[in-house]
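Enquirer: let's see this in three dimensions:
(2 chains)
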Amino acid sequence: MLLNHTLRLARLDLALLTRNRMAFFTTIAFPLLLGCVALLLKDGFVSGVSSGLYILTGMLALIGFFVTFMHLTTVFTVRREELVLKRMRGSVLSEAAIFGGSGLACTVIYVLQVAAIITLGMVALGGHMPRNIPLLFLGVVLGSVMFVPMAAALSGFTKSGESAQITVLPAMLVLATTSQASFPLAGMPDIVQRVAGALPLSPVVDVIRIGYFGQDFTQAAPHPAVSFAESWVAAGPRLLLIAAWIVVGVLIARKHFRWEPRSS
Amino acid sequence: MISQTLLERRETVHRPDTASVIEVRDLRQKYGDFEAVKGISFEVRPGELFALLGTNGAGKTTTIEILEGFRPPTEGSVRVLGHDPVTERAKVRPHTGLMLQEGGFFTDLTVVETVRFWRDVSPNKPYTVAEVLDRVELAEKGDVQVRQLSGGQKRRLDLALATLAQPKVLFLDEPTTGMDPEARRNTWTIIQDLVSSGTTVLLTTHYLEEAERLADRLAIMHEGRIQLAGTAAEVVSQQGNRIRFRVPDQLPVERLPLLDGVAAATELRKGQLIAEYRLGADPDGTQQSLAHLISWASQNRLVLDRLEVRSASLEDVFLEVAHAA
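Expert: Purely as a prediction, here's the structure:
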């Protein structure tokens, strides 16, 4: 029953995505544009790897922020204000199915976006197939899962669908600048690097880069090459950190998520 | 003027002879310092339609939403089909249908897509999508996006969603608000059909005619309490009969006679002074009072324009409760 409901809700969410211009732009068009940013940086090296591929792999993590976090913050807020969540909660749908369905739809889109951008990198940047495909996609999926409860939590502080674009801004600025998605923090003080490395998007970036390059990005540049098996070991602590953020997200969502309009 | 007998019933409306589908015991609900529901109890038996009437802010929606499992009560207990609707949600939800007071749709979906989705996730599928839409007369709107429906059409869609699984228990929160008279009557027919087939219904409404027509029993709430409860006939019969007429021009109100010891109450309606006597429920007494009034009018050469004798209506009772409290 749970799986059936989750799948039906995910299918519904995918259908609704195509009917809302803002949602379509946030989840489909804008992430692809972000991926194309890497094409502008074909030349040079960053952190020991091609700058284009460095940015491209960073964007693979960052687009999860838009596809899942930003989109779902808006979705949960709008559905709450329009009493859709109330109707869902009053039905046979479980809370797990309600969140799981929306999360699954976003994750499917995110995975497809990642596959498309990797292909784009191979064609336009001379990139290669990821060295550890399962690890890379595990990072993508866990990153998406992590953003679901976080979006639910943030929606509790968001008044309307329009204001969701604003409430996600601080998080976007912090995560985009601290996650090393676009540039390394090697020159920053050690404490800054440690704090930045513990924030939610940073482990997603690291896991994706370990999976893509087959190098240990938890180590300072030049990041040592790792075998397929070693890449799992290298990524282990970062995967655990993502899992920890999922737990934190769920706890915050339990406290702050609202099923009914803020005015009621 | 609210009868003591019915006032005594207001705290407890039990019919313990049959297992209850809905049980409410000493229910209280507070929002901060505001107490929306102040200790009410009632039961609804299988196949019964129970209506909660009340003014705005009476506590009807709070009560129905607690029964729907949207929030736990501050105090007291509620049971639906023998289960706590909040903590035993999974046992209750497959057997209940609910109609919200407003909204709750994916407005980008069409009517057909909306019904199809909710039918697909429903545990029971006794009707096809076409049958569901046909029943609420929305078949022609199947391809229209929900956002383009009128208010009344959205209420009909809501009713379709609430009833598409033929639930054992149906919660209807002001189901016909915004509907035109024809749609309202169609809705009543659908509800009556469901009750006939064994569905238990808890209904809140502002429309007294709706409650009078549909409800097996009803309760009138005001300021968080049940003020009166019983069948519509019981509630109304306790309020007695009324004699009403337009006070003749130039006649001082003080000269109106007492009827069976009761003085006339007067009020100005559309520029005309109307006198009303609120008498007992005994028909003989009412007949004698009427004869006395007519005799008095003849003796005084007065014409009693717009004279009417009638039983108290549910509206009279409702207004009395609203004004008395």
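
Enquirer: how close does A:Ala221 sit to chain B?
Expert: Between A:Ala221 and chain B the computed distance is 47 Å (Cβ to the nearest Cβ, to the nearest Å). Just so you know, the C-beta spots here come from the backbone N, C-alpha and C atoms, and that holds for glycine as well.

Enquirer: please verify my assumption that that residue contacts A:Pro184.
Expert: Yes. The criterion here is Cβ atoms under 8 Å, and A:Ala221 meets it with A:Pro184 at 7.1 Å.

Enquirer: now do the shared contacts for the two.
Expert: Here A:Ala221 and A:Pro184 share the contacting residues A:Ser47, scored by Cβ atoms under 8 Å, 6 or more residues apart in numbering or on different chains.

Enquirer: what about the residue in the stretch 101-250 of chain A that chain B sits nearest to, neighbour count?
Expert: Per Cβ to the nearest Cβ, A:Gly101 is where the stretch 101-250 of chain A lies closest to chain B, at 10.0 Å. Residues contacting A:Gly101 under the criterion other Cβ atoms under 10 Å in any protein chain shown number 23.

Enquirer: which SS class is the residue nearest to it when sequence neighbours are not counted?
Expert: In this structure, A:Gly101 finds its nearest non-sequential neighbour in A:Leu9, 2.4 Å apart by Cβ to Cβ, 6 or more residues apart in numbering or on different chains. Recorded secondary structure, A:Leu9: helix (DSSP: H, G, I helix; E, B strand; the rest coil).

Enquirer: which ones are touching A:Leu9?
Expert: When contacts are counted by Cβ under 8 Å, 6+ apart, A:Leu9 touches A:93, A:97-98, A:100-102, A:104-105, B:121.

Enquirer: and those as TSV, adding secondary structure?
Expert: Compiled in TSV, the contacts of A:Leu9 are given as follows (three-state DSSP):
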residue	secondary structure
A:Leu93	coil
A:Ala97	helix
A:Ile98	helix
A:Gly100	helix
A:Gly101	helix
A:Ser102	helix
A:Leu104	helix
A:Ala105	helix
B:Val121	helix
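
Enquirer: quick one: which of those is most hemmed in?
Expert: Each of those was scored for neighbours by other Cβ under 10 Å, and A:Ala105 scores highest at 27 neighbours.

Enquirer: identify the residues contacting it.
Expert: By Cβ under 8 Å, 6+ apart, the residues touching A:Ala105 are A:9-11, A:13-14, A:17.

Enquirer: show me the helices in the stretch 101-250 of chain A, by range?
Expert: Listed from the start of the chain, the stretch 101-250 of chain A has helices (DSSP state H, counting those that start in this stretch) covering A:133-155, A:161-167, A:169-178, A:190-198, A:201-213, A:228-256.

Enquirer: closest one to A:Ser50 among those helices?
Expert: Between A:Ser50 and the helices of the stretch 101-250 of chain A, the shortest separation by Cβ to Cβ is 9.5 Å, and it involves helix A:201-213.

Enquirer: so for that closest one, what's the average pLDDT?
Expert: Here the mean pLDDT over helix A:201-213 is 96, rounded to a whole number.

Enquirer: packing partners of that helix?
Expert: Using 3 or more Cβ pairs under 8 Å, 6 or more residues apart in numbering or on different chains; DSSP states H and E as the contact criterion, the neighbours of helix A:201-213 among helices and strands are helix A:51-64, helix A:133-155, helix A:169-178, helix A:228-256.

Enquirer: could you dump the ones you listed into JSON lines with distance to chain B, mean pLDDT and mean neighbour count added?
Expert: Compiled in JSON lines, the helices and strands packed on helix A:201-213 are given as follows (distance: least, Cβ to the nearest Cβ, whole Å; pLDDT from 0 to 100; neighbours: other Cβ atoms under 10 Å in any protein chain shown):
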{"stretch": "helix A:51-64", "distance to chain B": "24", "mean pLDDT": "92", "mean neighbour count": "26"}
{"stretch": "helix A:133-155", "distance to chain B": "17", "mean pLDDT": "97", "mean neighbour count": "24"}
{"stretch": "helix A:169-178", "distance to chain B": "26", "mean pLDDT": "90", "mean neighbour count": "15"}
{"stretch": "helix A:228-256", "distance to chain B": "15", "mean pLDDT": "96", "mean neighbour count": "17"}
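
Enquirer: ok, which of the ones you listed comes nearest B:Glu102?
Expert: Go through the helices and strands packed on helix A:201-213 one by one with Cβ to Cβ and the one that ends up closest to B:Glu102 is helix A:133-155, at 20.5 Å.

Enquirer: just the CA coordinates of the closest one, formatted as CSV?
Expert: Taking C-alpha atoms only, helix A:133-155 is exported to CSV below (Å, rounded to 0.1, in the frame of the first residue of the first chain):
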residue,chain,number,x,y,z
ILE,A,133,28.7,5.1,-11.0
PRO,A,134,26.8,3.5,-8.0
LEU,A,135,28.6,5.8,-5.5
LEU,A,136,28.0,8.9,-7.6
PHE,A,137,24.3,8.1,-7.9
LEU,A,138,24.0,7.1,-4.2
GLY,A,139,25.3,10.6,-3.4
VAL,A,140,22.8,12.1,-5.7
VAL,A,141,19.9,10.1,-4.3
LEU,A,142,20.9,10.6,-0.6
GLY,A,143,21.4,14.3,-1.3
SER,A,144,17.9,14.5,-2.7
VAL,A,145,16.4,12.5,0.2
MET,A,146,18.2,14.8,2.6
PHE,A,147,16.5,17.9,1.1
VAL,A,148,13.0,16.5,1.5
PRO,A,149,12.6,16.9,5.2
MET,A,150,14.6,20.1,5.1
ALA,A,151,12.1,21.5,2.6
ALA,A,152,9.3,20.3,4.8
ALA,A,153,10.8,22.1,7.7
LEU,A,154,11.5,25.3,5.9
SER,A,155,7.9,25.4,4.5
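
Enquirer: where exactly do the helices run in the stretch 101-250 of chain B?
Expert: Listed in chain order, the helices of the stretch 101-250 of chain B (DSSP H, counting those that start in this stretch) span B:111-121, B:129-135, B:151-163, B:181-196, B:208-214, B:232-237.

Enquirer: which residues touch the residue of the stretch 51-200 of chain A found nearest chain B?
Expert: Here the stretch 51-200 of chain A gets closest to chain B at one residue, A:Arg87, 3.5 Å apart by Cβ to the nearest Cβ. With contacts defined as Cβ under 8 Å, 6+ apart, A:Arg87 is in contact with B:100, B:104-105, B:161.

Enquirer: wait, which of these is closest to B:Met221?
Expert: B:Leu100 (19.0 Å).

Enquirer: does the closest one touch B:Asp173 like I think?
Expert: Yes. Because the distance of 6.1 Å satisfies Cβ under 8 Å, B:Leu100 is recorded as touching B:Asp173.

Enquirer: who's more crowded, the two?
Expert: When B:Leu100 is set against B:Asp173 and neighbours are counted by other Cβ under 10 Å, the residue ahead is B:Leu100, at 25 against 22.

Enquirer: who are the contact partners of B:Lys30?
Expert: Counting by Cβ under 8 Å, 6+ apart, B:Lys30 makes contact with B:36, B:74.

Enquirer: ok, now with 6 Å
Expert: B:Thr74 (Cβ atoms under 6 Å, 6 or more residues apart in numbering or on different chains).

Enquirer: distance check, it against chain A.
Expert: Spatial separation of B:Lys30 from chain A under the definition Cβ to the nearest Cβ is 15 Å.

Enquirer: tell me the strands beside the helix or strand harbouring that residue, with direction?
Expert: Remark: B:Lys30 resides in strand B:22-31, with elements defined by DSSP states H and E. Each strand pairing with strand B:22-31, determined using DSSP bridges, is listed with its direction: strand B:34-44 (antiparallel), strand B:75-80 (antiparallel).

Enquirer: A:Ile210 is nearest to which of those?
Expert: Using Cβ to Cβ as the criterion, the shortest distance between A:Ile210 and the strands paired with strand B:22-31 is 52.1 Å, found for strand B:75-80.

Enquirer: residues of the closest one that come out buried?
Expert: Residues of strand B:75-80 classed as buried: B:76, B:78-80 (neighbour count, 16 or more other Cβ atoms under 10 Å in any protein chain shown).
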